[in-house]
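Participant: could you look at this predicted model? Sequence included:
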Amino acid sequence: MRHTIMALFPAFAEVECDKVDDSTKELDWLNNKSFQTGDALSLHSRYLEKNSERLNKKESSVGREVSSEEEQKEEGSVPSKRKKKKSEKKRKKKKKHKKKSGRYSSSGGSDSETIYPSDLKREEEGDRPQAAPLASRFSWLDDLHSPTEQPFCVDRKADTANWTYKSLYRGDVARYKRKGSSSLGLDPHKQGVSWEESESNKKHKGGDKKKAADRYFSTVSRQLLRSEPPVPTLPTIPDCSDAISPTSFLPLGDNEDNKVGETGDRVQTSSVNPLGVYDSSTALWLQGKGQQAQTEPQKQDTHAEKSAALLAGRTEEFNRRLREQPADTQLWIQFIRYQDELTATVFGMEEEQQGNDLSERSKSSHRAVLEKKLSIAERAVATNPSCVALQLERLRICQELWEPSLLTKEWKKLVFLHPNSAPLWKEYLLFTQSYFSNFTVSKVNSAYGKCLSTLSAVRDGSMVSHPALPGIEEDMLDIFTQQCHFLRQSGHSEKAISLFQAMIDFTFYKPDSVRELSTKQQVEFFEPFWDSGEARVGELGARGWKAWMLQQERGGWLQPSAEEEEDEEEDEEEVKDRSQPRHTIWLDVESSREAAHWLPWRPDKAKGQSEEDCEDPDRQVLFDDIGPSLICLSSPELQLRLLLRFLSFLGLPIDCVLSATPCQPGLLLENLSFLTQGNDLRHPLTSYDLPDLGVNSVGHMTTLQGTRKFAGLGKQGETFVTNVLNMLQPVVPAPHRATLSLSWMQYEKSKVLHCLYGSNKKRLRFQGKRSKRVSKQLLKEPDNRSSLVLWREYAHLEWLLGNLDEARKVFSTATVMGGTKGLKSPSLCELYLLWAQLEVEDGAGVQAGGITAVTVSPAVCVLTRLAEGTSSSSSSSSLSPSPVSILKARKSYEQALTAGLSALDPNLHNPQASRKGKEDLPRLRGLVGCYALFQYLTMGIQAANTIYNQARETMEALYQTLILDKQLNSNEEANLSSTGANQVAAASSHTSRLHVNRLAYECEAVAVQQAALLRYHNSISVFPLATLRQTLTSSLSTWPSSAPLWSIYVQVENRYHSAGRARRFFHSVTRNNSSVVPRLFAIFAEQQRKQLVDAALRSGFHDAALPILPENGLSNRVRGLFERTISTEMCSHCPLLWRMYMHFLLSDGQVDKAKGIFYKALQNIPWAKGLYMDGVQLFPQHLQEFVDLITEKELRLRLPLEELDILLED
């Protein structure tokens, strides 16, 4: 019987029976082989159990028991031959699932509550926590229903950029850090992978920042320099429980890691770190592991947080201390200046983020800092209204914020409130002199007159409201000298000379009848004498104010006829070469007129001249220009100081201790010879006897690199100096006359040296005869015949002229005059020292201290006779000393030096007990020099160096003690208020200051001798340079303003390739000192090094020069030094510094920057006429502009351009 089987799918009901042989095989496609009967029974039984429960519980419980085979059954029913329409099947499948789920949801709420197994299967699949299918489009993470769904999508849209470019977009590639260079699955001996990055990646990433060190100009390095160094922490003492451990060391904590993690690391790395003494990074390195790299932003953020915390802590500390001590003025000033450091650190962190707006942000930040500092200063002034220092600090800040008129008004108000404060007047005068907006020569000159007349009224007691402070006369003399140099630098030499002439007459030739009057009344009596036409100081026939007044009381005198001396002025043609450029002719004529016409013009009544006959009215000086500046000096020491400063103004060498250098020496520096002194190789030991102060004498007004055409002051100038010295000799005490005679003789010697360096034999012969004649006249004076100091200078003059035998005779004669004092006489020791040094320089028998050269050396003979105390006659000077006499001389030197240094010990241990005998301090410079030179010639350089070190150590220790004592005394004197007490305090202060200055001069002279001797020995023999370097660095650390020491240091260091040591030393000295001298020499050293490099590059032998060339960037380094120097307050008013800066920039080819520096210099030194002359030389196309500027600011113009055009006409 044949069964009829109904088709499962009616659409395929027509089936051919003959094609099917086996019915079982035919129906195999209907059998689900994966279907298990047990599963169906268990499903049905559980369905019956849950049927009584609620529908929602029943659905959830049944859905969890359904297996996944049902779904596989449905998916397996899709025929495999439909692979071509795979995408269409998937879309149909999705629609089918949607319909079924909709049908199930609608049937879930029906009344029948019929549940099918297939529906339970689908419900189980929906509730099971399985991986969600990837979405086909982008969506926000917040829009996902379940947080467990995968936050990814399948992007089915093709990216054409993958075909265009060879790699994925770098933003789509996840960042990672590769540890090591190995790869899994590769044989390390045969296979490898190259991990080098492409050039594009390197370009984008800027190279490997992890391996490349930060340069010095990077942000991180600059922040590290600005931040304070971390405070070193001491190792922690182990606890009591660990004290019994056998380890005998203090564990050092790792600051970077946690202490808890540290102990864990030690346990884990016991094999490589058995004692636990390594930090975490070292332990990882021993294991071959790398430490997790900290990213650059994290480092910057960490450093910024530390810096911010440190700055906040310092600011909080300042605020706390100011709350507790509001009267501490120095603390207020420190807090005001701390704002610059604070802003520099904060602004430096943001430099990289500014971009193109850096300059604008810098300006705004600078103004914000100024306003912040001003608010602090005003609060400080309100708390301490009587403090002048805080007022000055406030006005310095306001100089960049306020208008010129308001600023000038505030300055006048301040000096009106404190008219007796000389330091305040000095600051006000410097402001008036350097403030370009309101600057004119007449305004500044009237300000000087107002200052001196006010201080004179305070001194006399006319101003009852303000008492005179100690040292007011000394301050007045400093201000008077500063006014004279201001007039000289601005070209008004005639007014400066007239000021000195009037002051000398007013001081030394004052009638007795007016001495008890006030200064103002004395000036009123002096005016008729000045306007009478009577000869003044330095002019022929001058008799002085006192003699004129006596003669006026008797009826006057007749003017003598000038028969003997008639000035035959040769009318030389001023324009010698008309083919030169116009600006060059103007410079030549201007400087020549300055050199010839620096004396004030006076009408010659013998020739019938009147004031209308003067061609240049500016050469006449009226009393109104000088009257307010006349002051009274009651102390003989201050009167001598006035004379010495006048001689220095004329160009004569003076005693620096007695003249007392001015308070602001940087204002006077103008000459490049200040930096090049001591370069005379022919006189390595004696070229420092006359140090160059760098101040131009009167009549020397030219460009920076211009030289004087003749030695001295010319014919009229030499006559003027001679008349001044001859007139002053009778009116000063005997010790002061000796000082003036010494300056005169040294002046003659300096003129011979000038001619000697110029190698003009004819001029040298003429100058030598004249100088010898003047020196002999001085030695014939009764007071000077036994002066060893003058004989010493005359012998040196003969030696310089080449008369060695004559010089030795002079030395021998002087030693006979010295008698048998021997080593006890400082003057005799200095004379013998100069003689021995000249013999050593002459080189007769000197072989660097060889024993065979000792007995035949003239220097040893000279020094031995000094120790023996016997006079050296010319006949016995050729005898050689015996070895026994050499031993005796060494013993005598040792005893004398021990006695001299022990004499300093009472002053060292008890300076107040020896205050009365300060002027009797032994002068050890000559003794130490003689003993050291004797040891050098007989034993060697090490013995001489030991002597110098021993003497310097004791003398410098005394100097430091006296400095502390001087500070204590100044604090005590500030509390005195009565006039009598002020006078006593002023006298005591002057004596103390003179004593300290003398000791400082002796110490510096000994240091210069030691350095010169070591350099001389190093030049003639093989000797390690470390000793000379150590001597120079120790000396310069103590005396940072010593130009001779710096000159030797620069000459020594510039001979060698390495400049790092010298740069570090310059930086260490300038960081702790505000003087302009070390900064100038630092710049000069770098300029010399640059000249050496440029000369080597310009030469044709590049192969020989290039291996020894220093590093590049010297131009930028020199510019940086210049910029840092002119930014300081003390150095910004130095004319030499600005003029050097201009010349350097122009030599480097930076014309525009040089012009900018010229205009910037005008804002700081508008009174320096030499600056304008340099501008004409460097920028000749601006001649008219610069001459107009000179006229506008009322500087002295001797050749107007209209007159120049007339001179250039044929």
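Facilitator: Cool, got the structure. A quick note: this is a predicted structure, and the numbers were derived from the prediction, not measured.
Participant: give me the contact list for the one helix or strand residue 721 maps to.
Facilitator: Here residue 721 sits within helix 714-728, counting by DSSP states H and E. Residues from elsewhere that reach helix 714-728 (C-beta atoms under 8 Å, 6 or more residues apart in numbering): 504, 508, 537-540, 542, 544, 567, 595-596, 598-599, 643, 646, 650, 652, 699, 712-713, 740, 744, 747. (C-beta placed from N, C-alpha, C; glycine too.)
Participant: what comes up buried for it?
Facilitator: The neighbour-count check on helix 714-728 (16 or more other C-beta atoms under 10 Å) flags 714, 717, 718, 719, 720, 721, 723, 724, 725, 727, 728 as buried.
Participant: keeping just the C-alphas, turn stretch 371-378 into CSV.
Facilitator: In CSV, the C-alpha atoms belonging to stretch 371-378 read as follows (Å, rounded to 0.1, in the frame of the first residue of the first chain):
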residue,chain,number,x,y,z
GLU,A,371,51.8,99.1,38.4
LYS,A,372,52.0,96.3,41.0
LYS,A,373,55.4,97.6,42.2
LEU,A,374,54.1,101.1,42.4
SER,A,375,51.2,100.0,44.6
ILE,A,376,53.6,98.2,46.9
ALA,A,377,55.9,101.3,47.0
GLU,A,378,53.0,103.6,47.8
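Participant: what's the mean pLDDT across that stretch?
Facilitator: Average pLDDT, stretch 371-378: 90.
Participant: how far off centre is that stretch?
Facilitator: Computed by C-alpha atoms, centre = their mean, to the nearest Å, the chain-centroid distance of stretch 371-378 equals 26 Å.
Participant: thinking again about what came up before, so which of the buried residues of helix 714-728 comes closest to residue 1072?
Facilitator: residue 721 (41.3 Å; C-beta to C-beta).
Participant: pLDDT score for the closest one?
Facilitator: Listed pLDDT for residue 721 reads 94.
Participant: and what of residue 754?
Facilitator: The model reports residue 754 with a pLDDT of 88.
Participant: list the contacts of it.
Facilitator: Counting by C-beta under 8 Å, 6+ apart, residue 754 makes contact with 708, 711.
Participant: so it is in which element?
Facilitator: Using DSSP H and E, the element containing residue 754 is helix 734-758.
Participant: got the angle between that helix and helix 714-728?
Facilitator: What separates the directions of helix 734-758 and helix 714-728 is an angle of 160 degrees, with axes from the mean of the first three to the mean of the last three C-alpha atoms, to 10 degrees.
Participant: what's the following helix or strand after helix 734-758?
Facilitator: Next element after helix 734-758 (DSSP H and E): helix 761-779.
Participant: may I see the buried residues of that following helix?
Facilitator: By neighbour count on 16+ other C-beta under 10 Å, the buried set for helix 761-779 is 763, 764, 767, 768, 771, 772, 774, 775, 778, 779.
Participant: can I get these in TSV with pLDDT and distance to residue 824?
Facilitator: As requested, the buried residues of helix 761-779 are exported to TSV (pLDDT from 0 to 100; distance: C-beta to C-beta, whole Å):
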residue	pLDDT	distance to residue 824
763	88	42
764	90	38
767	91	37
768	92	35
771	93	32
772	93	32
774	93	32
775	93	27
778	93	26
779	93	24
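Participant: now the residues you listed as TSV including distance to residue 676?
Facilitator: Output for the buried residues of helix 761-779, formatted as TSV (distance: C-beta to C-beta, whole Å):
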residue	distance to residue 676
763	21
764	21
767	22
768	24
771	24
772	28
774	28
775	27
778	30
779	33
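Participant: and residue 1043, what does it touch?
Facilitator: 674, 675, 677, 691, 692, 694, 1077, 1081.
Participant: let's see 7 Å
Facilitator: Going by C-beta atoms under 7 Å, 6 or more residues apart in numbering, residue 1043 touches 674, 677, 691, 1077.
Participant: tell me the secondary structure at the third one.
Facilitator: Three-state assignment for residue 691 (DSSP: H, G, I helix; E, B strand; the rest coil): coil.
Participant: got the phi/psi numbers for it?
Facilitator: With angles defined as degrees, to the nearest 10, residue 691 sits at phi -70, psi 140.
Participant: circling back to that earlier point, please convert the buried members of the contacts of helix 714-728 into ChimeraX selection syntax.
Facilitator: Restricted to buried positions by 16+ other C-beta under 10 Å, the ChimeraX selection for the contacts of helix 714-728 reads:
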select :504,508,537,538,539,542,544,595,596,598,599,643,646,650,652,699,712,713,740,744,747
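Participant: show me the contacts of helix 714-728 that map onto helices.
Facilitator: Among the contacts of helix 714-728, the residues falling in helices (DSSP state H) are 504, 508, 595, 596, 643, 646, 650, 740, 744, 747.
Participant: among those, which one lies nearest to residue 1029?
Facilitator: residue 747 (35.9 Å).
Participant: not counting sequence-adjacent ones, nearest residue to that closest one?
Facilitator: Spatially, and ignoring its direct neighbours in sequence, residue 747 is nearest to residue 652 (4.3 Å; C-beta to C-beta, 6 or more residues apart in numbering).
Participant: surely the one you found touches residue 743?
Facilitator: Yes - applying C-beta atoms under 7 Å as the test, residue 652 and residue 743 come out as touching, 4.9 Å apart.
Participant: looks to me like residue 682 is in a strand.
Facilitator: No - secondary structure of residue 682 (three-state DSSP): coil, not part of a strand.
Participant: how many neighbouring residues does it have?
Facilitator: 9 (other C-beta atoms under 10 Å).
Participant: chain neighbours aside, what residue packs nearest to it?
Facilitator: residue 841 (7.4 Å).
Participant: one more: residue 827?
Facilitator: Spatial nearest neighbour of residue 827, excluding adjacent residues (C-beta to C-beta, 6+ apart): residue 788 at 4.1 Å.
Participant: mind listing what that neighbour touches?
Facilitator: The contact partners of residue 788, taken as C-beta under 7 Å, 6+ apart, are 814, 817, 818, 827, 828, 831.
Participant: flag the least confident of those.
Facilitator: Lowest confidence among these: residue 818, with 79.
Participant: picking up where we left off before, looking at the ones in helices among the contacts of helix 714-728, spot the one nearest residue 41.
Facilitator: Distances from residue 41 to the ones in helices among the contacts of helix 714-728, taken by C-beta to C-beta, are shortest for residue 595, at 133.7 Å.
Participant: tell me if I'm right that that closest one and residue 698 touch.
Facilitator: No - counting by C-beta under 7 Å, residue 595 sits too far from residue 698 to count as a contact (9.4 Å).
Participant: coming back round to it: and the residue nearest to residue 682, how far is that from residue 793?
Facilitator: When distance is defined by C-beta to C-beta, to the nearest Å, residue 841 is 17 Å away from residue 793.
Participant: more neighbours, these two?
Facilitator: residue 793 (24 against 18).
Participant: which SSE is that one in?
Facilitator: Taking DSSP H and E as the criterion, residue 793 maps to helix 788-800.
Participant: CA atoms of that helix as CSV?
Facilitator: C-alpha atoms of helix 788-800 as CSV (Å, rounded to 0.1, in the frame of the first residue of the first chain):
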residue,chain,number,x,y,z
LEU,A,788,112.9,110.0,48.4
VAL,A,789,109.6,109.8,46.5
LEU,A,790,110.6,112.6,44.1
TRP,A,791,114.1,111.2,43.6
ARG,A,792,112.6,107.9,42.8
GLU,A,793,110.4,109.4,40.1
TYR,A,794,113.3,111.4,38.7
ALA,A,795,115.5,108.2,38.5
HIS,A,796,112.6,106.4,36.7
LEU,A,797,112.4,109.3,34.3
GLU,A,798,116.1,109.0,33.4
TRP,A,799,115.7,105.2,33.0
LEU,A,800,112.8,105.7,30.5
